[in-house]
Each structure stands twice: as C-alpha cells, then as structure tokens.
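> Pasting the sequence and the predicted model now:
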Amino acid sequence: MKNLADLRKIKEKAKMEMASREKNVKYRVVVAMGTCGIAAGARNVMSALVDEIGTRSLKNTVITQTGCLGYCDQEPLVQVFEQGRPCITYGKVTPEVARKIVADHIVGNKVLSDYVFKQN
Amino acid sequence: MRELSLHILDIVTNSLEAGADRIILFIEELASVNRFRIVVHDNGRGMSQEAAQQVLDPFVTSRSTRTVGLGLPLLKMAAEQSGGYLVIKSTVGKGTRVTADFKKNSLNRAPLGDIAETVMNLIIGTPEIHLCYIHKTDKGVFIFDSYWILARMAEQNITLYELTKPVKERILSGLQKINSVG
Ligand SMILES: Nc1ncnc2c1ncn2[C@@H]1O[C@H](COP(=O)(O)OP(=O)(O)OP(=O)(O)O)[C@@H](O)[C@H]1O
Ligand SMILES: [Mg+2]
C-alpha cells in the first residue's frame, strides 16, 4: 500500500462497492459465532458457506456472523434471511449441510426442511 | 478448545458484539522467553474494571439468551493450565484489551491452529471493520491488514468471497517467512 491518501481512496471505493452490493442482496446468511457455536464447529461451517458462495460467484448473498442465539444445544446454527419471507434457522449444521443450504435454499429456492430448527 | 485460533475467533466476536470498528489482533510467539501471547485490542463500548473482573467468572454475562458467558473464562482457564494468565484492561466508552499469556512450550497449551481461517472468516463476515493482525516471532514480524482485502476488491472488481484463497495464501506465506510454528 502506498500512502495515506491512496489508502483513503481505496477505502472510499471499497465502501461504495459494498454499498452497491448491499442493494443487490437478496439473502443474508448469518452464522452464530458465540463460544458454543465455535466449539461446535461454526468456523468450518462459515468457511464452507464462503467457499460455496465464492465458487458459484453469487452476488445476491452476504454472510455475516453473530453471537450466541440462545440455543446452544442446536449449534452450529445458520440463519437465512430473505426479504418478505420468514427467517429460517438451521440447526446442527455441518460443512456438508452448509453447502446444501447454498445449493438448495439459496440457488434452488427450496428450504431444506430436514435441517430446519426454527422458522419465524 | 482444541486450537488457540478458535479462542481468538471467540474473543474477537466479543469485540464485534461490543460495537468495535477497529480491532488489533497481536500474536507473539517467542521461544527465547518461552512465551505465547495473544492480545485483542478493540475500540468497542468497553466495561468498568469491576465488570471486567466479574466476566472472568463464568456465571456472569450481559447477554439475555443465556445466563452464563463462557468465552473469557474458557480462555483464562486455557492460559492458566499452561502456566500463564489472562488480564482484561477496559475503559467504558473507549475499548477493551484482552491479553492471554501462555507458556509456549507447555504440553497443556493448544496449538495456534488455522489462524488464517479465523482471520479470513472475521474479515469476510464484517468487511466494514478494520482488523489489523500482527504476528511476531523471534525471527520477525508479519502484518495483515484488512485494508489489503478492500484494496484488492476495489482494484480487481472481485467479490469478497472470491478473495478467500489469496487471503489465506498471503497469511500462510507471511507466517512461514517469520518461521511461525504456532
Ligand atoms: N471486548 C469487549 N468489550 C466489551 N464488553 C465485553 C468484551 N468482551 C466481553 N465483554 C463482556 O463480557 C461478557 C462475557 O464475555 P464472554 O465472551 O465470556 O461471554 P459471552 O460473550 O457473554 O457469551 P459466549 O459464551 O457466547 O462467549 C460479555 O457478555 C460482555 O458483556
Ligand atoms: Mg463471547
């Protein structure tokens, strides 16, 4: 990286890109990263989601993390938010299930009912 | 936890939950003084010194979803089991610094593990946060700044998720250069 002015420019540009991406967001995928989630394997679940979304170059999906959701025995938990639809919470998610969530739910628009822990 | 990098993910998540937008992760592995140090320093909402003492007790948490907080007590226990310690320095409205010191060669110290994965997931989940990761060994210092990712995104018009491989490679090769063994 060059100097402070360049850095500021880069930051501005990246911010603008992120903002424009926000406009195209259809799915928001949230991984619970409290202590219980991490101990149950949430990091690898997140990596699998990121890899699957990156490989497919999906532009309409963002992944973020949150703390404990209060259902520690169901961790790792993954929530999928879609505008105008109820939030789907998947429980006991493995990296394989995480990839299925991307393939079936986000690309295929079909909820994986076997893994749904909660819907609201 | 079986990797220190999982504890780090946990402690930095605390910083994010405390509203921090600048986080420094400092890891120092010095064989010369037999020390493995992890510092997470954030500019989040902070807590009083009294609260900072209390949270080391597993039966204290500010969350409403559960009556116990586990992250800090667990890390404290891990540090102490290796012959080290954990301290929290926090100021309300300013931020928090968590330092966990381990005896580097203790058999009770978990390995660092996949720190590249931890750092990458943190940045990808919250790209608007400025995370600076500094790793020091007897041989030298490696720095990875989340601005590096923003710069690549801006220059190459590439999505965050397509950047994971170059990010991990950069971190791993940087750690190799300073002979990090984790
Ligand atoms: N960086 C921080 N800034 C401000 N407050 C913090 C910070 N880290 C921890 N705390 C406070 O300390 C409490 C205990 O943290 P700890 O990580 O031990 O448990 P927790 O985050 O509540 O739950 P979990 O078991 O999921 O980690 C938090 O609820 C929060 O109030
Ligand atoms: Mg925590």
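It's in. Ligands and ions are numbered 1, 2, ... in the order given.
> So which bits of chain B are right by chain A?
Contact residues (Cβ under 8 Å from any Cβ of the partner chain) of chain B with chain A: B:1, B:6, B:9-10, B:13-14, B:16-17, B:63, B:65-66, B:69-71, B:74, B:114, B:117-118, B:120-122, B:124-128, B:145, B:147-148, B:150-151, B:153-154, B:157, B:159, B:161-164. Backbone N, C-alpha and C define where each C-beta goes, glycine included.
> go again using 6 Å as the cut-off
B:6, B:9-10, B:13, B:17, B:65-66, B:70-71, B:117, B:121, B:124-125, B:150-151, B:153-154, B:161-162, B:164 (Cβ under 6 Å from any Cβ of the partner chain).
> Can you tell me the SS state at residue A:30?
strand (DSSP: H, G, I helix; E, B strand; the rest coil).
> That one: neighbour count?
19 (other Cβ atoms under 10 Å in any protein chain shown).
> Of the residues of chain B next to chain A, select the buried ones using a ChimeraX command.
Buried subset of the residues of chain B next to chain A, written as a ChimeraX selection, criterion 16 or more other Cβ atoms under 10 Å in any protein chain shown:
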select /B:6,9,10,13,17,66,70,71,117,121,124,125,150,151,153,154,161,162,164
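> any idea how far residue B:140 is from the spatially closest residue to residue B:137 that is not a sequence neighbour?
Spatial nearest neighbour of residue B:137, chain neighbours left out: residue B:178 (4.6 Å); criterion: Cβ to Cβ, 6 or more residues apart in numbering or on different chains. Applying Cβ to Cβ, to the nearest Å, the value for residue B:178 to residue B:140 is 4 Å.
> The two: who's more crowded?
Neighbour totals were compared for residue B:178 and residue B:140, and residue B:178 leads with 15 against 12 (other Cβ under 10 Å).
> what about stretch A:36-54 and ligand 2, any contact?
No. Using Cβ under 5 Å from the ion, stretch A:36-54 stays clear of ligand 2, with a minimum separation of 8.9 Å.
> That stretch and chain B, are they touching?
Yes. With Cβ under 6 Å from any Cβ as the measure, stretch A:36-54 is seen reaching chain B through A:38, A:43, A:46-47, A:50, A:53-54.
> Closest residue of chain A to chain B?
Proximity of chain A to chain B (Cβ to the nearest Cβ) peaks at residue A:70, 3.0 Å away.
> So which of the residues of stretch A:36-54 next to chain B is surrounded by the most neighbours?
residue A:46 (31 neighbours).
> That residue against residue A:31, yeah?
Yes. Contact criterion Cβ atoms under 6 Å: residue A:46 and residue A:31 qualify, at 4.6 Å.
> Next secondary structure element downstream of the helix or strand of chain B with the lowest mean pLDDT?
Lowest mean confidence among the helices and strands of chain B (mean pLDDT, DSSP states H and E): helix B:147-156, at a mean of 84. Downstream of helix B:147-156, the first helix or strand assigned by DSSP states H and E is helix B:164-177.
> tell me what that following helix is packed against?
helix B:115-125, strand B:141-145 (3 or more Cβ pairs under 6 Å, 6 or more residues apart in numbering or on different chains; DSSP states H and E).
> Of these, which is nearest ligand 1?
Closest approach to ligand 1 among these is made by helix B:115-125 (13.6 Å; Cβ to the nearest ligand atom).
> List the contacts of the closest one.
The contact list for helix B:115-125 (Cβ atoms under 6 Å, 6 or more residues apart in numbering or on different chains) reads A:46-47, A:50, A:64-65, B:5, B:8-9, B:12, B:131, B:133, B:146, B:149, B:160, B:164, B:167-168, B:171-172.
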